[in-house]
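> starting from these lines, generate the structure:
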Amino acid sequence: MIRLKDVARQAGVSITTVSHVVNDTRRVAPETLERVQRAISELGYRPDSVARTLKSNRSHTIGMIVTTAHNPFFSAVIRGVEDHCFANGYSLVLCNADDVEEKQLTYLQTLLDRRIDGLIVMTSRNAPAFVEALKQQRLPTILMDAAPSADQDIAVVNDDSRLGAKLAIDHLLAQGFEDIALLTGPEDHPRSRERLAGALEALQAAGIGMPVERIVTTNLLADGGFRAMQRLLEHRPYPQAIFAFNDLVAIGAMRAAHECALRVPEDLSVVGYDDIELARYLSPALTTIHQPIYELGATATAQLIERLEHDRPLDPSLSLAPRLVIRESVTSRLC
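The predicted structure is shown next:
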């Protein structure tokens, strides 16, 4: 193992001088700096990151707790976080909690033990004990896919889900659809609540009521969309169109419709939400609400690093605008 004294001997300087170069704690003459840096490169010396963390009280590490990295939506957000961390000299430690309270609490403690500088949390459900633990840590934290927080050092970054839902419903209404079913997420999911509110507002503005049987709750996964669509197809008349609260649900619903010999979009029009990469490669390609997924991760990380590097207060709530992406899964009833 290469140590400071080995670098000092190679460069012909004192151990203290090498320490100042490595830790950037004092100005060193340019010629000396060059000799030390050359010795570090030749010997392959790597500073002890644990010791540096203890000395500076900074680890340049950000922790992230997510529901699952396997969901393509979460994967794209993580990529935005990871890229921005790397570009700014931070490491990322990722934990998949599966929305299980015990795992959330355990991973939080694990990250704290690693002396992370800040935390990003993107989980579908935050247990009360987990939320309380976050507040007690006084650690700069960004929540995503969550409801706003009143705590000073806990901020929220989301898309404008209410607007996104209105865009989806307005598009279906513009194509002449009135019997629209909603495949929602769990009632305690903040983004799902916002999308439901936006959808109902758009329908109400058009003078269209929403029968309770046309609102079906899912787990926001493809299998949930499949089962929800099966429930809708148990009774006639079938809905004319579906607004699924994410693309995975839309994909599951399209599969259930296919098994019932319904054609998309000829017999059933479908709009999703998120615009995951797979959406454009489906047949038919999925009309959906584009959520700036990568930008959500990058924006959250940028704000957190600004807080850590420049002590700038976190913006309590940031909202990114979604947009409609028209593809092939919606037809027109006006022709």
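> pretty sure R193 is touching E187, no?
Yes: counting by Cβ atoms under 8 Å, R193 touches E187, with 7.0 Å between them. The way it works is simple: take the backbone N, C-alpha and C, and place the C-beta from them, glycine included.
> these two: who's more crowded?
Just comparing R193 and E187: by other Cβ atoms under 10 Å the higher neighbour count belongs to R193, 17 against 9.
> how close does that one get to S161?
8 Å (Cβ to Cβ, to the nearest Å).
> again with L278
20 Å.
> now do A321
From A321 to S161 the distance is 11 Å (Cβ to Cβ).
> out of the two, which sits in the more crowded spot?
Between A321 and S161, counting by other Cβ under 10 Å, S161 is the more crowded of the two (25 against 12).
> burial count for the closest residue in space to the more buried one that isn't next to it in sequence?
Residue nearest to S161 in three dimensions, not counting chain neighbours: E194, with 3.7 Å by Cβ to Cβ, 6 or more residues apart in numbering. Counted with other Cβ under 10 Å, residues neighbouring E194 total 20.
> again with R138
Applying other Cβ under 10 Å, I find that R138 has 11 neighbouring residues.
> overlap in contacts, R193 and E187.
With contacts taken as Cβ atoms under 8 Å, 6 or more residues apart in numbering, not a single residue reaches both R193 and E187.
> re the thing from before, just checking, the residue nearest to S161 touches K166?
No: using Cβ under 8 Å as the test, E194 is too far from K166 to be in contact (10.5 Å).
> A244 bridge partners, please.
A244 has these beta-bridge partners by DSSP bridges: L183.
> confirm for me that it is in contact with S269.
No: in this structure A244 lies outside contact range of S269 using Cβ under 8 Å: 11.3 Å.
> just to be sure, V157 is in a helix?
No: V157: not assigned to a helix; according to DSSP: H, G, I helix; E, B strand; the rest coil it is strand.
> show me what contacts it?
I142, L143, M144, L296, T299, A300, Q303, S317, L318, S319, L320.
> and it, what pLDDT?
Here, the pLDDT recorded for V157 equals 91.
> distance of it relative to I293?
12 Å.
> my guess is P72 contacts I276, does it?
Yes: applying Cβ under 8 Å, one finds P72 in contact with I276, separated by 4.3 Å.
> give me the common contacts of those two.
Common neighbours of P72 and I276 (Cβ under 8 Å, 6+ apart) are L248.
> these two - which one has more neighbours?
I276 (23 against 17).
> pLDDT below threshold where in the stretch 201-335 of the chain?
335 (pLDDT under 70).
> 90 - rerun?
For the stretch 201-335 of the chain, the stretches flagged by pLDDT under 90 are 220, 308-318, 333-335.
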